[in-house]
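> 3D model of this:
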Amino acid sequence: MNSNNIQYRYNVKKAKDVFQNLVSSEIALQVLAGMILNICECANKLNPFGWEVTLEDDSLCVNVGQIAMMIVGKKHGIPAGEVDFCCGLMAQGLNRRFKNNIKSKKKMYESVPVPGADLSLPISEVAKLTNREISLITQSQLTLVKEACERRHGLIKWYRSHSPAVINYFNQLCSREVPQPLYAKDDHLPMGVGDLGPNKVIEKAAIAHVTKRYHSMGYEVTSVESQKIGYDLQCTKDRSRRHLEVKGIKNVDTNVILTSGELKVALEDNRWWLVIVTNPTSDNPEMKQYIGKDLVKKFHLEPVAYRLSLK
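Sure, this is the predicted structure:
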């Protein structure tokens with residue numbers, strides 16, 4: 001049985017049972033949960049679409065970009081009862097302390113060609129790590145997280161394997177509030193309901209890209225998506241104010257759908273802008289913007305639905 005099915009992904013108690021079976025030491029469990037949350041929190045700030053945690057019967061794997069940052073249990077050649085930490089350049093103290101457990105590499109991955117090391121430890125040794133050693137390993141891993149996120153900006157290809165219940169369990173265990181990756185924001189829903197389809201992922205990726213771009217231009221960005229007022233983002237910089245309706249599409253030939261309410265606001269609100277992001281889950285999304293008053297000039301408008309009521 002593969003524990004990364006829908007019920008394990010969403011059920012905190014079952015995820016807890018599986019992970020506690022992998023890590024029998026309470027001390028090691030607490031240490032690993034904290035370290036994994038540190039990786040996820042750092043990755044989420046750099047690319048909220050670029051990481052995931054996969055829980056299976058015999059292993060847990062933390063992936064950032066194209067790097068397996070941590071593996072607990074039997075996976076990718078790691079034996080049961082061991083943890084593999086994928087690290088950047090190791091501190092000298094760790095090199096001496098764990099000289100028999102470290103395998104240095106000139107480049108960690110082809111996709112992330114930077115020097116680093118694999119540190120493999122039995123669960124029993126993880127429980128013996130000092131606070132200083134935990135801090136040094138974490139710092140070394142976070143340097144690699146940053147490298148991984150800089151080299152891959154889009155949606156992680158294993159996003160459908162993400163186990164949100166693991167993050168929820170670790171947050172409870174460590175009294176933390178590390179968020180889920182942005183593609184999994186609806187994972188609090190009942191089993192099977194929150195698994196986002198490709199259109200929803202594209203929509204969320206487009207919103208995230210536009211938010212980041214406008215932040216880089218000095219705008220304060222506020223999401224008003226939940227208010228259903230005809231646009232998604234409210235952007236303010238000094239006296240400049242824009243109301244952005246964001247649409248994500250897979251390719252330039254894809255049509256964009258506006259609701260009647262969005263079109264009404266577009267034609268009446270001189271601050272309204274349509275922002276179209278092509279391939280928002282890729283490493284190189286393309287963003288184009290159109291002011292509302294130009295929609296009729298720039299686009300062919302075609303009704304695609306009608307409301308029927310009895311006469």
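> Which parts of the protein are helices?
For the chain, applying DSSP state H gives helices covering 6-10, 12-22, 26-46, 92-97, 123-126, 131-151, 164-174, 198-216, 260-268, 295-298.
> and Val275, which of the ones you listed is closest to it?
In terms of C-beta to C-beta, the element of those nearest to Val275 is helix 198-216, at 5.3 Å. C-beta: built from backbone N, CA, C; applies to glycine.
> Counting neighbours, show which residues of the closest one come out buried.
Residues 201-211, 213-214 are the ones in helix 198-216 that count as buried (16 or more other C-beta atoms under 10 Å).
> about what we covered before: Cys86 is nearest to which of the helices of the chain?
Across the helices of the chain (criterion: C-beta to C-beta), the nearest stretch is helix 131-151, sitting at 6.3 Å.
> Turn the helices of the chain into CSV, columns for mean pLDDT.
Formatted as CSV, the entries for the helices of the chain read as follows, by pLDDT from 0 to 100:
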stretch, mean pLDDT
helix 6-10, 71
helix 12-22, 91
helix 26-46, 95
helix 92-97, 70
helix 123-126, 93
helix 131-151, 91
helix 164-174, 95
helix 198-216, 86
helix 260-268, 89
helix 295-298, 86
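> Next, give phi and psi for Thr281.
phi -90, psi 0 (degrees, to the nearest 10).
> could the buried residues of helix 198-216 be laid out in a markdown table, adding distance to Lys107?
A markdown table is the format used below for the buried residues of helix 198-216 (distance: C-beta to C-beta, whole Å):
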| residue | distance to Lys107 |
| --- | --- |
| Val201 | 31 |
| Ile202 | 32 |
| Glu203 | 36 |
| Lys204 | 32 |
| Ala205 | 29 |
| Ala206 | 33 |
| Ile207 | 35 |
| Ala208 | 29 |
| His209 | 29 |
| Val210 | 34 |
| Thr211 | 33 |
| Arg213 | 31 |
| Tyr214 | 35 |
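> would you turn the helices of the chain into JSON lines with distance to Glu82?
Below are the helices of the chain laid out as JSON lines (distance: least, C-beta to C-beta, whole Å):
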{"stretch": "helix 6-10", "distance to Glu82": "22"}
{"stretch": "helix 12-22", "distance to Glu82": "10"}
{"stretch": "helix 26-46", "distance to Glu82": "11"}
{"stretch": "helix 92-97", "distance to Glu82": "17"}
{"stretch": "helix 123-126", "distance to Glu82": "7"}
{"stretch": "helix 131-151", "distance to Glu82": "15"}
{"stretch": "helix 164-174", "distance to Glu82": "19"}
{"stretch": "helix 198-216", "distance to Glu82": "34"}
{"stretch": "helix 260-268", "distance to Glu82": "54"}
{"stretch": "helix 295-298", "distance to Glu82": "59"}
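> Go through these and name the closest to Ser104.
Of all the helices of the chain, helix 92-97 sits nearest to Ser104, with 8.4 Å by C-beta to C-beta.
> Contact partners for Ser260?
Taking C-beta atoms under 8 Å, 6 or more residues apart in numbering as the criterion, Ser260 is in contact with no other residue.
> and stretch 67-81, how far from the chain's centre?
21 Å (C-alpha atoms, centre = their mean, to the nearest Å).
> wait, what's in contact with Glu82?
73, 120-123.
> Now list the buried members of those residues.
When these are checked against 16+ other C-beta under 10 Å, the ones flagged as buried are 73, 120-121, 123.
> Looking at these, which one is closest to Asn131?
Ranking these by separation from Asn131, with C-beta to C-beta as the measure, puts Leu121 on top at 15.9 Å.
> Each with direction, which strands does the lengthiest strand in the chain pair with?
The single longest strand within the chain, with elements called by DSSP state E, is strand 240-249. Paired with strand 240-249 in the same sheet, following DSSP bridges, are strand 233-237 (antiparallel), strand 272-278 (parallel).
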